[in-house]
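Q: turn this into a model:
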Amino acid sequence: MVLRSQAAAGGTTGTGPGRRAWPSAWQGSLARSGGMMCRMSQFGSSFSRRDLLRMGAAASALPWACSTSSQTEGAAKRPNIIVTMADDMGFSDIGCYGGEINTPVLDSLAANGLRFRSFYNYARCCPTRASLVTGLYPHQAGVGHMMSEFRKDGEPIPSYMGNLNKSCVTFAEVLKSAGYTTLMSGKWHVTPAEGSGEKVDRSNWPMQRGFDKFFGTIHGAGSFYDPPSLTRGNEPEDPGPDFYYTTAIGENASQFIGEALDENPDAPFFLYMPFTSPHWPLHAPEEAIAKYKGRYDIGWDALREERLQRMREMGVLDGTAGMSDRDPSQVPWEEAPDKEWQARRMEVYAAQIELMDEAIGQVVDTLRERGELDNTLILFLADNGGCAEEARESWKALHIPTETYAGEPVAVGNNPEIMPGAEEDYQSYGIPWANVSNTPFRYYKHYVHEGGIASPLVAYWPAGVTSTGGWTDHVGHLIDIMATCVDVGGATYPETYGGNAIEPMEGASLAPVFTGDSAKGHPEGLYWEHEGNRAVRSGNWKLVSKWSQPEDGRWELYDLEQDRSELNDLAAEMPDKVAELVGMWDAWAERVGVIEWRSWDPR
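A: Next up is the predicted model:
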């Protein structure tokens, strides 16, 4: 076996932006803050993992409690809002949701905030982002699938344009109209990138959709050392040789916050910080990976059981949520070949998540240093469940590099002869570890069973979340984030924008949930469709179908109050309930423009 050499990835360095032509990867550079070392020392000296996860008296002793008087004085200002999101991360990965991965920053936000047991995303990168930034179902925003335009009888299908349409507004556009400074650092992925082979519309880039400052990628994936479509504002930037994308997202977000407070100190700011971590490829610095050496030698079966036990102890799930079977395509750990390589895959994945946590911590440090932490609402979620895609040598696309930044060849595909992590390889953690990430649920990214759409949601806001350290059973969805931003930001959602009629918001504000009050919820139901996979949740009932084999589109019915893991299909026993929910789903699908999967013109 070969352990590929690692690129130096401790942070960005240099003196300014270099430029190169589309669609190569770009970026400018920033200096790295030392604040993380201080914060990690505080955690290490005061709190064990179990202490951080227990809710109660310990919460007041956490580092977040060390606010300054200026934070209290600033409480009269409308809150700053930060929406940050992981990419392809499962429900049980982070520490405060039962995972063994070291996430002290997120754990502490949870210990001083509120966690949702039943929050939902939209099963895939593009539709989730389209829904999140607009407060609509993705089809209403023009992103019914991914970044490709579909046609029927030669005519474009409005709900499958592969691009944000002009019938929606972004949360940046709404909040900017309300006086917020609007910032973004991270992955955009709601419009095609140059070089992707699709029609490019720069009018849908972040700076043209409401953001005052932008650093990040337009495209949806790529090397963490040299990501394609890396952009600052509207211009490409060269990442340089000592670059790691996750770290750079945190650094740029922190810089933007400082600039916003300096330039307009009386205005609140809105920051959208969507990471590409821990989406494939498996890329992380060797020193970060080394922390997990040996941790995953127990294998996927034992780790799933370990996580479920911890989730029950913490209150993420109760005893009614059973463990789903190991994916039938996978062997028991005892029979697995290439155990060293298999464990290494999960070690790199864990390192990617810990580095994301550190990047979020850098932003928290900046808020604390500027006296803004107590008056900032921070929402953390994931865009879909763990990803079971196995990287293949045959993969070819804009986000699949053929060479490193330095011009060395890249080995693409899951090859047990190469230990993942370095810029010179391009691998994924695959089916068995995605099964762990989504413990105890069934299925993965792409699908709308709980394993594909159940997301952590951590809400932290000292001035606005009163039930700190607790859990809520309130059922929430991506569409609620826009409504929440409008509510807490004192904004007005428009009926028209830029001369275009705007679709009404679909979601409901989560702000009442933060204070323990009753919230509207979704009596009309919540709905999903992606690649023919369909679902509706109404109250505790969920009707769901998987388009592909072995289900072949058959409807399944579950009582999630008694069976969150979707193990006891009640469809045959309750045909009337099935018919009721099918009728609801059909009416929704017609309203938002869902078409039968693969019924469009051949591309």
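
Q: which SSE is residue 182 in?
A: Using DSSP states H and E, residue 182 sits within strand 181-187.

Q: what lines up beside that strand in the sheet?
A: Strand pairing for strand 181-187, using DSSP bridges, gives strand 213-217 (parallel), strand 269-274 (parallel).

Q: residue 574 is nearest to which of those?
A: Among the strands paired with strand 181-187, strand 269-274 comes nearest to residue 574, with 39.0 Å by CB to CB. For every residue, glycine as well, the C-beta is placed using N, CA and C.

Q: need the residues that contact that closest one.
A: The contact list for strand 269-274 (CB atoms under 8 Å, 6 or more residues apart in numbering) reads 80-85, 87, 129, 133, 171-172, 175-176, 180-188, 211, 216, 249-250, 253, 256-257, 260-261, 360, 363, 383, 485, 489.

Q: then stretch 433-440?
A: Taking CB under 8 Å, 6+ apart as the rule, stretch 433-440 contacts 89-93, 98, 300, 303-304, 307-308, 311, 317, 321-324, 326-327, 330, 345-346, 349, 385-388, 444-445, 450-452, 454, 565.

Q: please enumerate the helices of the stretch 51-200 of the chain.
A: Taking DSSP state H, counting those that start in this stretch as the criterion, the stretch 51-200 of the chain contains helices spanning 69-73, 104-111, 125-134, 171-177.

Q: so the third one versus strand 181-187, what angle?
A: Computed by axes from the mean of the first three to the mean of the last three CA atoms, to 10 degrees, the angle separating helix 125-134 from strand 181-187 equals 170 degrees.

Q: can I get helix 125-134 as PDB, trimmed to CA atoms?
A: Output of helix 125-134 as PDB, limited to C-alpha atoms (Å, rounded to 0.1, in the frame of the first residue of the first chain):
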ATOM      1  CA  CYS A 125     -26.700  19.400  -2.900                       C
ATOM      2  CA  CYS A 126     -28.500  21.600  -5.400                       C
ATOM      3  CA  PRO A 127     -32.100  21.100  -4.400                       C
ATOM      4  CA  THR A 128     -31.200  21.600  -0.800                       C
ATOM      5  CA  ARG A 129     -29.400  24.900  -1.500                       C
ATOM      6  CA  ALA A 130     -32.200  26.200  -3.800                       C
ATOM      7  CA  SER A 131     -34.700  25.500  -1.100                       C
ATOM      8  CA  LEU A 132     -32.600  26.900   1.700                       C
ATOM      9  CA  VAL A 133     -31.700  30.200   0.000                       C
ATOM     10  CA  THR A 134     -35.200  30.900  -1.300                       C
END
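
Q: so for that helix, mean pLDDT?
A: Throughout helix 125-134, pLDDT has a mean value of 97.

Q: packing partners for that helix?
A: Here helix 125-134 touches helix 171-177, helix 479-488, going by 3 or more CB pairs under 8 Å, 6 or more residues apart in numbering; DSSP states H and E.

Q: still on that earlier bit, any of the contacts of strand 269-274 buried? List them.
A: With neighbours counted by 16 or more other CB atoms under 10 Å, those contain buried members at 80-85, 87, 129, 133, 171-172, 175-176, 180-188, 211, 216, 249-250, 253, 256-257, 260-261, 360, 363, 383, 485, 489.

Q: if we can go back for a sec, can I get the helices and strands packed on helix 125-134 in CSV with mean pLDDT?
A: Listed next are these as CSV, based on pLDDT from 0 to 100:
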stretch, mean pLDDT
helix 171-177, 98
helix 479-488, 98
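
Q: could you dump these to a markdown table with distance to residue 559?
A: Formatted as a markdown table, the helices and strands packed on helix 125-134 follow (distance: least, CB to CB, whole Å):
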| stretch | distance to residue 559 |
| --- | --- |
| helix 171-177 | 34 |
| helix 479-488 | 23 |
